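Q: here is my input; please provide its structure:
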Amino acid sequence: MQTRSRLFDDFARMASGAFSAVAGVHTEIEQLINQRLERFLAGHNLVTREEFDAVEAIATKVLNEQNALKDRLAELESQLRNLRMTDLKRKPPAKLHRHRWGFDCGRRNVELKVQSNGATLKDE
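A: Numbers count the residues shown, from 1 in each chain. Just a heads-up that it's a prediction; the model follows:
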């Protein structure tokens, strides 16, 4: 009976060792395939998933900013349009009259005192 027990123990140890070896071979094969795949992708100007995700995040951010700027531009254009409409509704400013002395005096009477002889000129 004891020999049978030993036989099963030996068989169990052998099977355990075989499974460990198969697991090790599986890991090595997986690493080898990953290395070859990375080399292939690098040689054909393809990007990794991390690089793709980073560029996608940047593109999303830029599109959001662009949409925000479009909205802001539309708002500013409408404000400008409203300002122009209110300017058109206003009366134009009164014309300024230019007198022979070379300055604008509007529609008011202007008095000019000459300092050299104290004479006063009135313009109406």
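
Q: pLDDT on the helix or strand hosting Glu77, on average?
A: Assigned by DSSP states H and E, Glu77 falls within helix 49-89. Averaging pLDDT along helix 49-89 gives 92.

Q: packing partners for that helix?
A: For helix 49-89, not one helix or strand is in contact under the criterion 3 or more CB pairs under 8 Å, 6 or more residues apart in numbering; DSSP states H and E. Bear in mind the C-beta positions are built from the backbone N, C-alpha and C, glycine included.

Q: let's number from 34 now, not from 1
A: Yep, numbering from 34; the last one is helix 82-122 now.

Q: CA atoms only: put stretch 74-91 into CSV for me.
A: C-alpha atoms of stretch 74-91 as CSV (Å, rounded to 0.1, in the frame of the first residue of the first chain):
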residue,chain,number,x,y,z
LEU,A,74,4.3,48.1,-35.5
ALA,A,75,7.4,50.3,-34.9
GLY,A,76,8.7,49.4,-38.4
HIS,A,77,5.4,50.3,-40.1
ASN,A,78,4.9,53.8,-38.4
LEU,A,79,1.9,52.6,-36.4
VAL,A,80,1.3,54.0,-32.9
THR,A,81,0.7,52.3,-29.6
ARG,A,82,-2.6,52.5,-27.8
GLU,A,83,-1.2,54.9,-25.2
GLU,A,84,0.0,57.3,-27.9
PHE,A,85,-3.4,57.0,-29.7
ASP,A,86,-5.3,57.7,-26.5
ALA,A,87,-3.1,60.8,-25.7
VAL,A,88,-3.7,62.3,-29.2
GLU,A,89,-7.4,61.5,-29.0
ALA,A,90,-7.6,63.4,-25.7
ILE,A,91,-5.8,66.4,-27.1
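
Q: and that stretch, what's buried?
A: For stretch 74-91, a neighbour-count test (16 or more other CB atoms under 10 Å) marks nothing as buried.

Q: distance of Arg123 from Glu110?
A: Applying CB to CB, to the nearest Å, the value for Arg123 to Glu110 is 21 Å.

Q: of those two, which one has the most company?
A: More neighbours surround Glu110 than the other of Arg123 and Glu110, with 10 against 7 (other CB atoms under 10 Å).

Q: list the contacts for that one?
A: By CB atoms under 8 Å, 6 or more residues apart in numbering, the contact set of Glu110 is empty.
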